[in-house]
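Engineer: Have a look; sequence and predicted model below, questions after that.
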Amino acid sequence: MKYLSQPFTDEKNQVVFLSLGLFWVSNIGALFKGSTLFSRLFIYPIYLLLFLIFIYLLFNIRKNKNNFDNNAYTFLWLLIILGVVNVLRGIFQHSDTYEIRELLFGGTGAAIIWIMPLALLYGLKKQFWFTWLPRLRAVVTIGFVYVLTVMLLGFFSRDITVNKMYNSGDFLFISPLLLIFSIYKPNKINIFIGCMGAILLTAHMLLHEERFAIAYIGLMCTLYLLLIILEQIRLDLKIYVFFIGSILLLASLLITLTTPFFQEQMHRYFIEGEMWVDSRKGQLMFTGTYSGALSEAVTAGMSVFEYIFGKGNYGTYAWGYMGWPPELFVRRVVEIGYLHIVLKGGYFMLASFYFLSIYAVYLGLFRSENKITRYFAFIIIARLIIMSTAMPPIVGFEYFMYWLVVGGCLSPQLRALDDSTIKNKCEIRPLVVRW
């Protein structure tokens, strides 16, 4: 019995399975989403196994209490409790709970999203980073081969955009992290693979107009490079934060106010907000899905209780019009990250999410003795910024890695180490996965 449970109780095996499983359900599984047989044979069991591992982590939070301070511990519990309540409310809201497809995809998948912050428990331990930072090359290589295959299949079918890589942020997230780790601990192969991965993935995103995925990697790399430059001239970190923040704010204002193209884009994505489906012609027409109007649509008709605690896992909102004659289109998903949290868990959950994330940024930037946690802090900042226009929480490898990074910033063990110690301990060692 102990041998059978080892994949769920051994920490290394847990991380391997979670990484591969989340990649599988968010990328490979999406390619076969129309196949009911494939889903039942491969996707459903993986969803259930992922869910079991997170439940195991849930019952081990108290064992990790000494690994981070009381503020982070309290808000982690609060975020998890709100997530569990959110899922339980969703069960009673949905009339087709007993249908296996809806239960496993809608119920189990959503449950994994809302208890995903438990992944930070791995990042709290310094040994985790000593083991996994040197292996980022393998993750980027998998992404590199995967995207190259997708593009080649499109090339041979004479349409390079016919095959789309799902959840592209998964590998866009890792490529710059590999580059930064290579600068931290120089390795020519890592730098080459990281650059090729970033270039190929960015090209793929440009072909499919994934503007927010490109903005994500661009923002991370910009913050990294500016930090490296300013470290070279030995500027104080507080001056750096003020300096970069001021430049980004002023540049954004100048570009928005003086460039007609950006003014049009701002009007389209932040002011307009209509979606029509003309059933007579069978055409789907968009005039914008990212706007202040969307925020009003999400919160329209909310009671005081729903403002605070959201509408639950299956909460919906009316957005745009559908059909002919046009009728209000009811949706479950909000493409804007923070609004999706508000819809499902309310402003209480949103405040808990932001407090835990921003507190991790504060510790990583101002209460750390090494560069790694500072780089982690900028990963968190990049996602929080992009969540104002995109990137809702999803069952995916990138969101899993986000919480690992939050755990790294919260970890007093990792933050107490100096750069030389991390360099010496981050050595390539054989990884044995026992099943």
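Structural biologist: Sure, I can see it.
Engineer: Burial check on residue 193, number of neighbours?
Structural biologist: For residue 193, the tally of surrounding residues (other C-beta atoms under 10 Å) stands at 22. Every residue, glycine included, has its C-beta placed from N, CA and C.
Engineer: wait, doesn't it sit right on residue 142?
Structural biologist: No. If you go by C-beta atoms under 8 Å, residue 193 and residue 142 don't touch, sitting 10.8 Å apart.
Engineer: All the helices of the stretch 301-435 of the chain, residue numbers only.
Structural biologist: With helices called from DSSP state H, counting those that start in this stretch, the stretch 301-435 of the chain shows them at 304-309, 337-366, 372-386, 397-410, 412-415, 419-425.
Engineer: mind checking which of those is nearest residue 200?
Structural biologist: helix 397-410 (17.1 Å; C-beta to C-beta).
Engineer: by how many degrees do that closest one and helix 337-366 diverge?
Structural biologist: Angle of helix 397-410 versus helix 337-366, following axes from the mean of the first three to the mean of the last three C-alpha atoms, to 10 degrees, is 30 degrees.
Engineer: Check which helices and strands helix 397-410 sits against.
Structural biologist: On a contact count with 3 or more C-beta pairs under 8 Å, 6 or more residues apart in numbering; DSSP states H and E, helix 397-410 meets helix 11-23, helix 120-123, helix 169-184, helix 337-366, helix 372-386.
Engineer: lowest-confidence stretch among those helices?
Structural biologist: Mean pLDDT is lowest for helix 169-184 out of the helices and strands packed on helix 397-410, coming in at a mean of 62.
Engineer: follow-up on the earlier one: would you format the helices and strands packed on helix 397-410 as a markdown table with distance to residue 77 and mean neighbour count included?
Structural biologist: Formatted as a markdown table, the helices and strands packed on helix 397-410 follow (distance: least, C-beta to C-beta, whole Å; neighbours: other C-beta atoms under 10 Å):
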| stretch | distance to residue 77 | mean neighbour count |
| --- | --- | --- |
| helix 11-23 | 20 | 19 |
| helix 120-123 | 12 | 24 |
| helix 169-184 | 27 | 24 |
| helix 337-366 | 10 | 21 |
| helix 372-386 | 20 | 23 |
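Engineer: wait, doesn't residue 391 sit right on residue 334?
Structural biologist: No. The criterion here is C-beta under 8 Å, and residue 391 misses it with residue 334 at 11.1 Å.
Engineer: Quick check: which of the helices of the stretch 301-435 of the chain is nearest to residue 226?
Structural biologist: Nearest to residue 226, of the helices of the stretch 301-435 of the chain and by C-beta to C-beta, is helix 372-386 at 9.3 Å.
Engineer: can you dump the C-alpha coordinates of that closest one into CSV?
Structural biologist: Extracted in CSV, the C-alpha atoms of helix 372-386 (Å, rounded to 0.1, in the frame of the first residue of the first chain):
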residue,chain,number,x,y,z
ILE,A,372,16.9,34.7,-7.5
THR,A,373,14.1,35.8,-5.2
ARG,A,374,14.3,39.3,-6.8
TYR,A,375,13.8,37.7,-10.2
PHE,A,376,10.9,35.7,-8.8
ALA,A,377,9.3,38.9,-7.5
PHE,A,378,9.4,40.4,-11.0
ILE,A,379,7.6,37.3,-12.4
ILE,A,380,4.8,37.9,-9.9
ILE,A,381,4.7,41.6,-10.8
ALA,A,382,4.5,40.8,-14.5
ARG,A,383,1.5,38.5,-14.0
LEU,A,384,-0.3,40.9,-11.7
ILE,A,385,0.0,43.6,-14.3
ILE,A,386,-1.2,41.4,-17.2
